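> Kindly generate the corresponding structure for this input.
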Amino acid sequence: MERQYCKVGETRAILNGNNDVAVLQIRYNDFIAKAADLSYADAALREFFANKASQLKKILENNL
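Have a look, this model is predicted:
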């Protein structure tokens, strides 16, 4: 079976261009805000957002 390429749901590698650090910083700030938002009733969801933010922080620290 050959690989098929489709634009729907297309992804690209992070840190592959000029604006990627800015995108990572925006995502990091978004996850931090969601983790601190008390309107999310589920603590597990807030923990998920905090975990994603910490992963992005590590990526940013390694690439700056």
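> how about the helices in the protein?
All helices of the chain, identified by DSSP state H, fall at 20-36, 43-63.
> can I get those helices in TSV with mean pLDDT and mean neighbour count?
Any C-beta I mention is one placed from the backbone N, CA and C, and that applies to glycine too. Below are the helices of the chain laid out as TSV (pLDDT from 0 to 100; neighbours: other Cβ atoms under 10 Å):
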stretch	mean pLDDT	mean neighbour count
helix 20-36	89	15
helix 43-63	90	13
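> which residues does the residue nearest the centre of the chain contact?
For the chain, the residue nearest the mean C-alpha position is residue 27 (5.0 Å; Cα atoms, centre = their mean). Neighbouring residues of residue 27 by Cβ atoms under 8 Å, 6 or more residues apart in numbering: residue 56.
> All further residue positions should be reported with the first residue as 765.
Okay, residue one is now 765; in that scheme the one you just asked about reads as residue 791.
> how much space between it and residue 805?
23 Å (Cβ to Cβ, to the nearest Å).
> show me what contacts the closest residue to residue 816 other than its chain neighbours?
Closest residue to residue 816 apart from its sequence neighbours, by Cβ to Cβ, 6 or more residues apart in numbering: residue 795 at 4.8 Å. Listed by Cβ under 8 Å, 6+ apart, the contact set of residue 795 reads 813, 814, 816, 817, 820.
> Cross-check the contact I'm expecting between the fourth one and residue 792.
Yes - here residue 817 lies in contact with residue 792, judged by Cβ atoms under 8 Å, at a distance of 5.6 Å.
> Please verify my assumption that residue 798 contacts residue 810.
Yes - if you go by Cβ under 8 Å, residue 798 and residue 810 touch, sitting 7.4 Å apart.
> so what sits against both of the two?
Common neighbours of residue 798 and residue 810 (Cβ under 8 Å, 6+ apart) are residue 804.
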